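Engineer: Here is a sequence together with a model predicted from it:
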Amino acid sequence: LKLVSNFANSRTNSVRLEFEDGNCRISAQDADTGEISEEIPIAFTAPAVKAGFNFKYLQELLGRLDSDEVSIEVTDTLQPTVVHELEVEEGEESIFILMPMRI
């Protein structure tokens, strides 16, 4: 996310996350800086879905999590996204809501 955010549009700070077949593609593009796409392996078994986010909000949210594993629940490109940690002690679970951007 840090690498891809360097190529995000400076006005919108938007990055695109595409989830499909055990893969998450994070991409960004800007007329001035160019474009980039990075892929990371994930546990994903649902139909493909993509959503755009302000990378600053996403980085801040992920920076507050203690776990190395998170669940990102994207149901639709315009519906709220639920993010929570996996493998946390009972009673210490945090749930975050992140609103996507139009892409």
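Structural biologist: Looks like it arrived, so ask away.
Engineer: which stretches of this protein aren't confidently modelled?
Structural biologist: For the chain, no stretch is flagged by pLDDT under 70.
Engineer: mind listing the helices for it?
Structural biologist: For the chain, applying DSSP state H gives helices covering 2-5, 55-63.
Engineer: In the last one, which residues are buried?
Structural biologist: To tie it back to what came earlier, the one meant is helix 55-63. 55, 58-59, 61 (16 or more other CB atoms under 10 Å). (Glycine included, C-beta is placed from N, CA and C.)
Engineer: Which strands or helices does it pack on?
Structural biologist: helix 2-5, strand 14-20, strand 95-98 (3 or more CB pairs under 8 Å, 6 or more residues apart in numbering; DSSP states H and E).
Engineer: if I look at the residue sitting nearest the centre point of the chain, how far off is residue 3?
Structural biologist: Of all residues in the chain, the one closest to the mean position by CA atoms, centre = their mean is residue 17, 5.5 Å from it. Note on residue 17: its distance to residue 3, by CB to CB, to the nearest Å, is 14 Å.
Engineer: repeat for residue 94
Structural biologist: 26 Å.
Engineer: out of the helices and strands packed on helix 55-63, nearest to residue 38?
Structural biologist: Comparing those against residue 38 with CB to CB, the closest turns out to be helix 2-5 (5.7 Å).
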